[in-house]
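**Q** With the sequence up front, the predicted model follows.
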Amino acid sequence: MAGFGIFRNYQKASLVALAILSMLAFFVLPPLLQWGGQAARVADTQVVRWKGGELRERSLDRAMTMTAVVNRFLAEATLAAGRDPRQAPSFPQDEQTIVRKLLLAEEAKKEGLVVSDAAINDFLARVTSGQVRAEQFDQIMEGLRRVGGGVSQADLFETLRTEMLAANMAQLVQQSLASGDPPGLRWDYFKQMEQSATAEVVA
């Protein structure tokens, strides 16, 4: 009974507090829940879709981050080669350009274009004029890991591969527009001209 008596004594104050909490729950919680739901959806929403594929927000964010990492890597490699890092190649980091680059690289893969690890190493050798040793590249990568975390040589190479595939595909598209031939047809011509074989011939 004593407990109920205390409740009656503070019944009016309790009802006021309950009313305030109810108002807070009615006016404050729905926006918070809605915001939380939107944040979860925005975390990986679809950015662009094309026939046979799509690009989502997290993948775009990752691509932008890796482009920044590659630009820094190239600048530091150029500096290690004894040159002004401002002379290093730098890839655009804005969303529109990166989306276009990813689409071009995807189309390049469909057309059969390939950028090997050897081609990427040749590109790095040209950027640094062959003045940077393998262990110096490793030191640069180690520094990037400490700053960015989770960045590996495979990530770096894959980003450079995408950049080079996109550049090759863009060049094919420009040539096809100039000549009127579709990129796929020009690629077939290129393979026919460049393919070679080794054979043993009996007299």
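**A** Cool, got the structure.

**Q** alpha carbons only for contacts and neighbour counts from here, please
**A** OK.

**Q** which one's the longest helix in the protein?
**A** Looking across the chain with DSSP state H, the single longest helix is helix 153-179.

**Q** What helices and strands are in contact with it?
**A** Using 3 or more CA pairs under 8 Å, 6 or more residues apart in numbering; DSSP states H and E, the elements in contact with helix 153-179 are helix 57-80, helix 95-110, helix 117-127, helix 183-194.

**Q** any idea of the mean pLDDT for it?
**A** On average, the pLDDT along helix 153-179 is 88.

**Q** before we move on, what about stretch 94-103?
**A** 91.

**Q** Not counting sequence-adjacent ones, nearest residue to Val48?
**A** Leu55 (5.3 Å; CA to CA, 6 or more residues apart in numbering).

**Q** mind checking the backbone torsions on Glu111?
**A** In terms of degrees, to the nearest 10, the main-chain angles of Glu111 are phi -80, psi -10.

**Q** repeat for Val48
**A** Main-chain torsions, Val48, degrees, to the nearest 10: phi -150, psi 150.

**Q** same check, this time on Thr128
**A** phi -100, psi 10.

**Q** wait, what's in contact with it?
**A** Thr128 is in contact with Ala77, Thr78, Ala81, counting by CA atoms under 8 Å, 6 or more residues apart in numbering.

**Q** cutoff 6 Å now
**A** By CA atoms under 6 Å, 6 or more residues apart in numbering, the contact set of Thr128 is Thr78, Ala81.

**Q** ok, it to Met66 distance?
**A** Distance of Thr128 to Met66, given as CA to CA, to the nearest Å: 20 Å.

**Q** try Arg100
**A** Arg100 is 16 Å from Met66, by CA to CA.

**Q** Any regions of the chain where pLDDT drops low?
**A** 1-43, 148-149, 179-203 (pLDDT under 70).

**Q** same thing but 80
**A** Across the chain, the ranges flagged by pLDDT under 80 are 1-44, 47-53, 147-150, 173, 175-203.

**Q** okay, Arg100 and Met66: which has more neighbours?
**A** Comparing Arg100 with Met66 by neighbour count (other CA atoms under 10 Å), the higher total belongs to Met66, at 20 against 13.

**Q** Please name the nearest non-neighbouring residue to the more buried one.
**A** Thr159 (6.7 Å).

**Q** Which residues does stretch 64-77 contact?
**A** Under the contact criterion CA under 6 Å, 6+ apart, stretch 64-77 has outside partners Pro85, Ala88, Ser90, Gln93.

**Q** what's the distance between the spatially closest residue to the first one that is not a sequence neighbour and Asp61?
**A** Read that as Pro85. Sequence neighbours aside, Ala75 is the residue nearest to Pro85 in space, at 4.6 Å (criterion: CA to CA, 6+ apart). Distance from Ala75 to Asp61, counting by CA to CA: 21 Å.

**Q** the more surrounded of these two?
**A** Shown here are Ala75 and Asp61; by other CA under 10 Å, Ala75 has more neighbours (22 against 14).

**Q** Next one: that one from Phe137, what distance?
**A** From Ala75 to Phe137 the distance is 12 Å (CA to CA).
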